[in-house]
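Undergrad: sequence unknown, structure follows:
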């Protein structure tokens, strides 16, 4: 596709001479096989999603405030009193944020203009929107508007992980003087300068690092818009999960005579190892089901589920990092929170929801929904609108690594080493969601149990033992990931044994 200059038709432009040929160009549907070239911008997705997560962060907090006014106005874990003012204020503040969210997620359109020499064509072609195509010779001009289905681009994982390691290290160094020397003009100014970048890097960089690995190496082809909706759906799934954990479950815990807000109590434990796994995994699984029109196979279901899990972790991580930065020992709290969540909770959420997504994909692959998705997908069938080619700053087409239907050579080599030890993935949705809940409950419950068991021991010894248990859980998590991932990416093998 070639594009000629498109000039705005201004009021001060001189009227063309009578020798100029005018030709009004109507808007027509995009032809089959149209190729669109666009400059590569792998960081654009990261920038747009970081902006969106800030909007979703406030939407989630205000949603709890809105529901709390109708259920538990004093937020103490008991029903009532009714506080309509809280609901009104929450609704009024929530409305513009919802409008902003849908504005940011509005469909993106591409305007394609094509021109070719034609003996009966014109030299000046007015287009809609006040644009004019001018040519030195007679040309035929056609233009089309269609929904953008440009492929997802992600920065290289090494770049994102380098940003994470460097950003967390530098931020920790800048925050430590505030903890060591106390409040002075220098330490406060240094802390204020670094706190916002530290927050953004701490909660966002590891999530995008894991997303880049799955998007570039799993062999999944997906449009940028669809991939961003997966991440956004994960963020929005935090809203029912927060309402369940913060409002509904505490009322149930209080009804059986326990306090859900007392640190180390059995009431807190019930929230952590019952309410959180059940509420969060059901909320994420519902988001995967709502994205069922994008799932055409179990592998696609795993990718959708893991991306939803990363979106959930993105918003959850933002809250934990924010709380760490507000703590008394902000430097150390920030370092340990960002590091441990980047290596454990974030891939854990992706893996748990990936189990649910794989099972949902296994159910959907033979359905009419999957067949319809295949027909609509620009990457699984010949596209009736446009084929996208990305080019770098030198004008050369970029490599299509990550857009093929097969995993990358590096990913395949890694998984082949673990294939003979691989476990079967759940193929029924109830089994997938149940296994995700079980893994989530073991993670939360064991951490709470170790903390409770060590509550009366020396604080230094307790801290060391809790960190040792966290390391053990991280190792166990990665052991399970390397057992399930070959099945999810390479496909089922009859010799695979169940976990």
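TA: Sure, I can see it. All values derive from a computational prediction rather than experimental measurement.

Undergrad: Show me the helices in the stretch 351-499 of the chain, by range?
TA: Secondary structure of the stretch 351-499 of the chain (DSSP state H, counting those that start in this stretch): helices at 368-376, 409-418, 429-453, 459-490.

Undergrad: Indicate which one of the ones you listed is closest to residue 205.
TA: Among those, the nearest to residue 205 by Cβ to Cβ is helix 459-490 (18.2 Å). Using the backbone N, CA and C atoms, a C-beta is placed for each residue, glycine as well.

Undergrad: so what's residue 101 closest to, chain neighbours aside?
TA: residue 55 (5.3 Å; Cβ to Cβ, 6 or more residues apart in numbering).

Undergrad: I meant to write residue 269 there.
TA: residue 448 (5.1 Å).

Undergrad: pLDDT at the residue nearest to residue 432 when sequence neighbours are not counted, what is it?
TA: Nearest non-adjacent residue to residue 432, counting by Cβ to Cβ, 6+ apart: residue 359, 2.9 Å away. On the pLDDT scale, residue 359 is placed at 95.

Undergrad: Correct me if wrong: residue 359 contacts residue 425.
TA: Yes - counting by Cβ atoms under 8 Å, residue 425 is a contact partner of residue 359 at 7.2 Å.

Undergrad: Between these two, which contacts overlap?
TA: Both residue 359 and residue 425 are in contact with 298, 432, where contact means Cβ atoms under 8 Å, 6 or more residues apart in numbering.

Undergrad: just to revisit the earlier point, got a list of what the residue nearest to residue 101 touches?
TA: So residue 55 contacts 97, 100, 101, 104 (Cβ under 8 Å, 6+ apart).

Undergrad: who touches stretch 190-207?
TA: Where contact means Cβ under 8 Å, 6+ apart, the residues beyond stretch 190-207 that reach it are 46, 49-50, 53, 160-161, 163-164, 167-168, 170-171, 174-175, 177-178, 310, 313-314, 317-318, 320-322, 324-325, 330, 334, 337-338, 341-343, 346.

Undergrad: Mark which of those residues are buried, thanks.
TA: Buried members of the contacts of stretch 190-207, counted by 16 or more other Cβ atoms under 10 Å: 46, 49-50, 53, 160-161, 163-164, 167-168, 171, 174-175, 177-178, 310, 313-314, 317-318, 320-321, 324-325, 330, 334, 337-338, 341-343, 346.

Undergrad: Can you tell me which of those residues end up in helices?
TA: Among these, the residues falling in helices (DSSP state H) are 46, 49-50, 53, 160-161, 163-164, 167-168, 171, 174-175, 177-178, 310, 313-314, 317-318, 320-321, 324-325, 330, 334, 337-338, 346.

Undergrad: how about the strand of greatest length in the chain: buried residues?
TA: Longest among the strand segments of the chain by residue count, using DSSP state E, is strand 109-127. Using 16+ other Cβ under 10 Å as the test for burial, strand 109-127 gives 110, 112, 113, 114, 115, 121, 122, 123, 124, 125, 126, 127.

Undergrad: Any chance of CSV for the contacts of residue 55, columns secondary structure and pLDDT?
TA: Shown next, in CSV, are those (DSSP: H, G, I helix; E, B strand; the rest coil; pLDDT from 0 to 100):
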residue, secondary structure, pLDDT
97, helix, 94
100, helix, 94
101, helix, 94
104, helix, 90
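
Undergrad: any chance of the residues you listed in a markdown table, plus distance to residue 267?
TA: As requested, the contacts of residue 55 are arranged in a markdown table below (distance: Cβ to Cβ, whole Å):
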| residue | distance to residue 267 |
| --- | --- |
| 97 | 32 |
| 100 | 37 |
| 101 | 34 |
| 104 | 39 |
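
Undergrad: of these, closest to residue 246?
TA: residue 97 (18.8 Å).

Undergrad: if I look at the closest residue to residue 318 other than its chain neighbours, how far off is residue 354?
TA: Ranked by Cβ to Cβ, 6+ apart and with sequence neighbours excluded, the top spatial neighbour of residue 318 is residue 203, at 4.2 Å. According to Cβ to Cβ, to the nearest Å, residue 203 and residue 354 sit 21 Å apart.

Undergrad: Between the two, which is the more surrounded one?
TA: residue 354 (31 against 28; other Cβ atoms under 10 Å).

Undergrad: show me what contacts the more buried one?
TA: Contacts of residue 354 (Cβ under 8 Å, 6+ apart): 302, 303, 305, 306, 309, 484, 488.

Undergrad: is it true that the first one touches residue 359?
TA: If I follow you right, that is residue 302. No - assessed by Cβ under 8 Å, residue 302 is found out of contact with residue 359, at 9.2 Å.

Undergrad: Need the overlap of contacts for the two.
TA: Contacts common to residue 302 and residue 359, judged by Cβ under 8 Å, 6+ apart, are residue 425.

Undergrad: ok, residue 415 touching residue 486?
TA: Yes - the pair residue 415 and residue 486 passes the contact test of Cβ under 8 Å, sitting 4.3 Å apart.

Undergrad: Mind checking which of the two has more residues around it?
TA: Taking neighbours as other Cβ under 10 Å, residue 415 and residue 486 compare with residue 486 leading, 23 against 19.

Undergrad: if we can go back for a sec, do you know the pLDDT at the residue nearest to residue 318?
TA: On pLDDT, residue 203 comes in at 91.

Undergrad: quick one on the thing from earlier: how much space separates the residue nearest to residue 101 from residue 62?
TA: Using Cβ to Cβ, one gets 11 Å for the distance from residue 55 to residue 62.

Undergrad: Name the residues contacting each of those two.
TA: Counting by Cβ under 8 Å, 6+ apart, the shared contacts of residue 55 and residue 62 are residue 97.

Undergrad: after the worst-scoring helix or strand of the chain on mean pLDDT, next one along is what?
TA: Least confident helix or strand, the chain: strand 6-8 with a mean of 40, by mean pLDDT, DSSP states H and E. Downstream of strand 6-8, the first helix or strand assigned by DSSP states H and E is strand 35-39.

Undergrad: for the stretch 1-150 of the chain, which spans come out with low pLDDT?
TA: The stretch 1-150 of the chain contains residues with pLDDT under 70 at 1-23, 129.

Undergrad: again, only using 90
TA: 1-42, 44-45, 61, 64-65, 68-87, 90, 106-150 (pLDDT under 90).
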